[in-house]
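**Student:** predicted coordinates and the sequence they were generated for:
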Amino acid sequence: MTANGWLQFLIFIALLLALMRPLGLYMARVLEGERTFLTPLFRPIERLIYRVCGIRSDEEMTWREYTVALLLFSFVSMLLTYLIERVQHFLPWNPQHLAGVAPDLAWNTAASFTTNTNWQSYTPETTMSYFTQMAGLAYHNFLSGAIGIAVAVALVRGIARKESKTIGNFWVDATRATLYILLPICLIFAPILIQQGVVQNMKPYTAAAPLEQPNQPQTIAQGPVASQEAIKMLGTNGGGFFNANSAHPFENPTPLTNLLEMFAIFLIPAGLTVTLGKMSGSPGHGWAVFACMAALFIAGFVTVYWAESQPNPILHGINQHVSALQSGGNMEGKDVRFGISQSSLFATVTTDASCGAVNSMHDSFTPLGGMVVLANIMLGEVVFGGVGAGLYGILIYVVLAVFIAGLMVGRTPEYLGKKIESYDVKMAMLYVLIFPLIILGLTAVSVLSPQMGLSSLNNNGPHGLSEILYAFTSGAGNNGSAFMGLNANTHWYNLSLGFTMLIGRFLMMIPMLALAGNLAQKKSVPPSPGTFPVNTGLFTVLLSGVILIVGALTFFPVLSLGPILEHLLLHAGQLF
C-alpha cells in the first residue's frame, strides 16, 4: 500500500463527486420529459422513433403493462441476437470468415447480453464477427443499460407519485435513456479512447512475423473496439472485444484510459442517487443512499488493496516488500502497467457495479481479496450496482430497512410519505430470496455432479468451489466477470448459466415493478413523531447494516468453505 496508490484512489473519488450531481439532475429532467440542452437535437429523432414504431408517448402504463412490454422486447431482441450468432458466417463484416456460433453457446451469449451480464464462455476475437459484435452485442450494451435505467425510474415514480395507477411508459423511458444519456456520453468517450490508442477499424487481422521465430507468424486481432468499449463501461456491461478484456492494451492502453473506464462504470449509478433525490422530492434521501453505497465501496477497496499488498506466505526468504525495483505483494495475474492499487480498485469497482470488465485476473487474487470481489456481487450489486439495477436493488433494501425501523419503534413503517405494508414487504423479500436460491442451488448441483459440474474444473478443493460459486454468483448478479479457472463453455454451464442470468435479471424485476405499482397507488401521509427519517446518517448506518447482515447470513456458510478456508490453508502451506 503506497501513497501513490491512495492518491490515485482519491483522484477517482474526486472526479466522481464532481460530475455525479450535474449528471443526476440532467437524467431527472430527461426521464421526466423536461427540456434540456440536447432537446433541440434529439427531440426530432425521438419523435421519429415513436412514429415509426407506433408508440403513443403520451400514454402511460400500469406496472403489469410495463412488465409485459419489457419482457416482450427483451425476448424478441434476445432471439434476434441468437439468430445473428448462428448465421454470422453468411453475414457481412466477417473478414476472418468465422463460423456460426454453436447452439448452446449462442443461447448463453444471447441471454448474457440481453440481461446486461455479458458473461463470455468463449474467446471473442476468434468466435464473433465484426457484425455480430456491433449489431448483436453492442446493440444490447445500449438497450440493456437503457432498460435498467427505465426500470429504476419506474420504481422512483412509484415512490414519488400519489394515488396513481401508472408508473410511466416503458418505450419512452428506454428511448430517452438511450438517446439522451447513453449515446451522447459514448460519442464523447469513444473518441477519447481512440486518441489514447484504443483500436477502431474494420480491417482483417494482421499477420506479424516475430523477430525470433519469423516462420511462425503471430495473428494480431483488431476491429471496432473503441465504440464497443465506451458503452461496455458506461452501460456496466463488461463484455470485452478481446478475451483479456480491459487487461488488453487495445482495450485499455494507458493509465488515463484505465481511470476513465473505471469512472464510466460508476458515473451513471452514482448519478442516479441524485436523480432519486430530485424525483422523490427529498435530495437528502438520495445523498443518504449514496453515502451507504460509498461507505461499502471504500470498505471493500481498502480490504482488497490490503490483501493484495500482503506478501505470499508460501514464498519464504524472499523480499516481497515495495521498493523501486518491485511492486511487492501479490502481482500474480496483474498487469504491471496498473500495479496492485489500480488492479484492486478496478476489481472493486467492476464487482460493486454489475459490469464484469477486468484489468486483472480475479482467480489470481489472494483468497481474501478474491472473497471481497465475490462478496461485492453477493450483496446484490447494490454498491452503486449496474446502471439502474443498482438503484432499484438498493431501494429494495431501503424498504426492508424502513420496515425493520418500524418494528423497532412499534409503528407502521413509513417511507417518504408512504406506509409500507405486508404486500410491499412480501415483494421486497421475494426479490431478495430469488438471488441466493438460484446461486446456491445451482452451485450445489454442479459440485455434486462430477460429469456436469466438475469435469471442466482446473482447481480442486476450496478454490475450485470458489470458481463454481463465482460463476453462478456472477450470472445471477448480472456481473459477467469470472474466476477463469472454470471452463464454462460446456453444455451444462452454457445452459444453466443462461437460465441463471435470465432469472437474475427478469424474475427479480417482476416483484420490484409490482412494488412500484403498489407504492404509486398509495396515499401520502404526513410524517409523525414515529416516522423514521430516511435522509440522515443514522438511516445510512441502518441501511448498510441490513445489506451486510442479509448478505452475511445468506452466504457466509459457503464462503467459509471456499475463500476463508483457502486463506487458512494458504497460511498452513497448502495450495490448490
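**Tutor:** It's in. On a predicted model such as this, the values are computed, not experimentally measured, just so you know. Numbering: from 1, shown residues only.
**Student:** gap between residue 242 and residue 130?
**Tutor:** Taking C-beta to C-beta, to the nearest Å as the measure, residue 242 falls 13 Å from residue 130. For glycine as for every other residue, the C-beta is placed from the backbone atoms N, C-alpha and C.
**Student:** between the two, which has more neighbouring residues?
**Tutor:** residue 130 (23 against 20; other C-beta atoms under 10 Å).
**Student:** show me where the chain has its strands.
**Tutor:** 206-208, 218-220, 414-415, 418-419 (DSSP state E).
**Student:** what's the closest of the ones you listed to residue 118?
**Tutor:** strand 218-220 (23.6 Å; C-beta to C-beta).
**Student:** okay, now the sheet partners of the closest one, with direction.
**Tutor:** Its sheet considered, strand 218-220 pairs with strand 206-208 (antiparallel) by DSSP bridges.
**Student:** can you name the residues in contact with the strand it pairs with?
**Tutor:** Strand 206-208 is contacted from outside by 217-220, 222, using C-beta atoms under 8 Å, 6 or more residues apart in numbering.
**Student:** average pLDDT for the longest helix along the chain?
**Tutor:** Longest helix of the chain, by residue count under DSSP state H: helix 3-31. For helix 3-31, mean pLDDT is 93.
**Student:** I'd like the numbering to begin with 28 instead of 1 from here.
**Tutor:** With the count now opening at 28, the last piece we talked about shows up as helix 30-58.
**Student:** for that helix, name the packing helices and strands.
**Tutor:** helix 166-187, helix 197-203, helix 282-307, helix 310-336, helix 366-379 (3 or more C-beta pairs under 8 Å, 6 or more residues apart in numbering; DSSP states H and E).
**Student:** give me the buried positions along it.
**Tutor:** 32, 35-36, 39, 42-43, 47-48, 50-58 (16 or more other C-beta atoms under 10 Å).
**Student:** contact partners for residue 356?
**Tutor:** Contacts of residue 356 by C-beta under 8 Å, 6+ apart are 335-338, 347, 349, 367.
**Student:** how about those residues in CSV, adding pLDDT, neighbour count and distance to residue 408?
**Tutor:** Below are the contacts of residue 356 laid out as CSV (pLDDT from 0 to 100; neighbours: other C-beta atoms under 10 Å; distance: C-beta to C-beta, whole Å):
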residue, pLDDT, neighbour count, distance to residue 408
335, 92, 30, 21
336, 90, 22, 25
337, 88, 15, 26
338, 85, 14, 31
347, 75, 17, 33
349, 77, 16, 32
367, 91, 24, 24
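**Student:** ok, back up a step: just so I know, which of the strands of the chain lies nearest residue 118?
**Tutor:** Nearest of the strands of the chain (C-beta to C-beta): strand 245-247, 21.6 Å.
**Student:** what is the rounded mean pLDDT of that closest one?
**Tutor:** Mean predicted lDDT for strand 245-247 stands at 90.
**Student:** go on, stretch 277-295?
**Tutor:** 94.
**Student:** in that stretch, what counts as buried?
**Tutor:** Buried, per 16+ other C-beta under 10 Å, within stretch 277-295: 277-280, 284-295.
**Student:** ok, now stretch 572-584?
**Tutor:** 573-574, 577-578, 581-582.
**Student:** send the alpha carbons of it over as CSV?
**Tutor:** Only the C-alpha atoms of stretch 572-584 are listed here, as CSV (Å, rounded to 0.1, in the frame of the first residue of the first chain):
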residue,chain,number,x,y,z
GLY,A,572,-26.3,-2.9,8.3
VAL,A,573,-29.3,-4.5,6.6
ILE,A,574,-27.3,-5.1,3.4
LEU,A,575,-24.4,-6.6,5.2
ILE,A,576,-26.5,-8.8,7.6
VAL,A,577,-28.6,-10.2,4.7
GLY,A,578,-25.5,-10.9,2.7
ALA,A,579,-23.5,-12.4,5.6
LEU,A,580,-26.3,-14.6,6.9
THR,A,581,-27.1,-16.0,3.4
PHE,A,582,-23.6,-16.6,2.0
PHE,A,583,-21.2,-16.8,5.0
PRO,A,584,-21.5,-20.6,5.2
